[in-house]
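Asker: Can you look at this prediction? I've put the sequence above it.
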Amino acid sequence: MNDLHSHILFGVDDGAKVFEDSKAILDSASSVGVKNIVLTPHYIVDSRYMSTANDNLVPFKQVKDYADGLGINVYLANEVYLSKEVVDLYKSGKTATINNSRYMLVEIPMYGKLNNVKSIFFELLSAGVVPILAHPERYTAYHGDIDFFKELRQMGVLLQANYPSLLGFYGKDAKKMLKKLLKADLISFVGSDVHSINEHKYELIPKMKQKLTKLVGKEKMSELTESNFMKVIGNELI
């Protein structure tokens with residue numbers, strides 16, 4: 001199992017607060033056989049979550065050293081909140097793609113719609129960045145609009161679901177939407193979006209794999225949890 005989306009890097013966003021928190025979450029990941037994790041701290045313009053890619057290198061070294069001891073590979077990135085500045089932030093080096101690849105984890109407003117959102121995605125794609133939209137099943141403004149996500153996929157945007165949604169972690173609406181997205185073959189990755197050891201998200205992995213396999217089959221489940229992840233890390237086309 002690989003995890004494309006996590007908030008394990010301590011002291012930079014609403015995830016792990018101190019190094020001990022990061023260690024506890026990594027211990028939990030190790031206990032269920034997670035081997036690769038992307039650390040994706042938030043970058044939100046005009047908020048308290050604006051530590052730059054260079055700033056994040058300091059806590060990343062500590063987390064990486066500990067993860068290495070557990071046999072877990074960790075990679076640095078951001079979860080970037082879409083805004084009109086997103087391309088400039090990328091070009092200036094303030095935000096990070098996943099493992100310095102062409103792939104960038106992004107998010108949009110959770111409860112409303114962003115003006116010109118498709119234009120912003122187009123600007124990223126035109127700059128050579130492949131956006132991976134985090135947790136599409138959680139955006140309540142689009143729960144009745146699966147065509148929106150189909151249009152994004154046709155543009156070249158990839159989608160990453162939070163696997164706890166499949167088990168009802170975010171409520172019945174997110175669970176229902178994720179099933180629709182999976183059945184429409186719109187999801188390319190699953191991730192934990194873990195913020196705290198108290199969420200117990202990694203402990204859900206065995207049950208999630210069973211449910212995911214039942215929904216999409218063993219081959220697709222492996223693609224969502226393993227092979228597509230490694231293509232991102234290796235900067236390969238998906």
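Answerer: That came through fine.

Asker: Check which helices and strands the lengthiest helix in the chain is in contact with.
Answerer: Ranked by residue count, the top helix of the chain under DSSP state H comes out as helix 53-70. For helix 53-70, the elements it packs on are helix 19-31, strand 36-39, strand 73-76, judged by 3 or more CB pairs under 8 Å, 6 or more residues apart in numbering; DSSP states H and E. Backbone N, C-alpha and C define where each C-beta goes, glycine included.

Asker: Determine which stretch of these is the most buried.
Answerer: Ranked by mean neighbour count, those are led by strand 36-39 with a mean of 26 (mean count of other CB atoms under 10 Å).

Asker: Direction included, what does that one pair against?
Answerer: Here strand 36-39 is paired, per DSSP bridges, with strand 2-3 (parallel), strand 73-76 (parallel).

Asker: out of the ones you listed, which comes closest to Ile98?
Answerer: For those, distance to Ile98 was read as CB to CB. The smallest value, 6.4 Å, belongs to strand 73-76.

Asker: Just after the closest one, pick out the following helix or strand.
Answerer: strand 79-81 (DSSP states H and E).

Asker: Return the set of buried residues in that following strand.
Answerer: By 16 or more other CB atoms under 10 Å, the buried positions in strand 79-81 come out as 79-81.

Asker: Please apply the same query to stretch 54-67.
Answerer: 56, 59-60, 63-64, 66-67.

Asker: mind putting the residues you listed in CSV, pLDDT and distance to Val106 included?
Answerer: Output for the buried residues of stretch 54-67, formatted as CSV (pLDDT from 0 to 100; distance: CB to CB, whole Å):
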residue, pLDDT, distance to Val106
Asn56, 97, 17
Pro59, 98, 22
Phe60, 98, 20
Val63, 98, 22
Lys64, 98, 24
Tyr66, 98, 28
Ala67, 98, 24
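
Asker: Now do the same contact list for the closest residue to Val74 other than its chain neighbours.
Answerer: Sequence neighbours aside, Ala67 is the residue nearest to Val74 in space, at 4.5 Å (criterion: CB to CB, 6 or more residues apart in numbering). Ala67 is in contact with 26, 37, 73-74, counting by CB atoms under 8 Å, 6 or more residues apart in numbering.

Asker: what's the farthest-apart pair in those?
Answerer: Maximum distance among these (CB to CB): 11.3 Å, for Leu26 and Asn73.

Asker: which residues are common contacts for these two?
Answerer: Once CB under 8 Å, 6+ apart is applied, the residues that Leu26 and Asn73 both contact turn out to be 37, 67.

Asker: Buried residues of the helix or strand hosting Lys176, list them for me.
Answerer: Per DSSP H and E: Lys176 is located in helix 172-183. The neighbour-count check on helix 172-183 (16+ other CB under 10 Å) flags 174-175, 177-178, 181-182 as buried.

Asker: Can you say which two of these are spatially most distant?
Answerer: Longest span within the buried residues of helix 172-183, CB to CB: Ala174 and Leu182, 12.4 Å.

Asker: Appreciated, that's everything.
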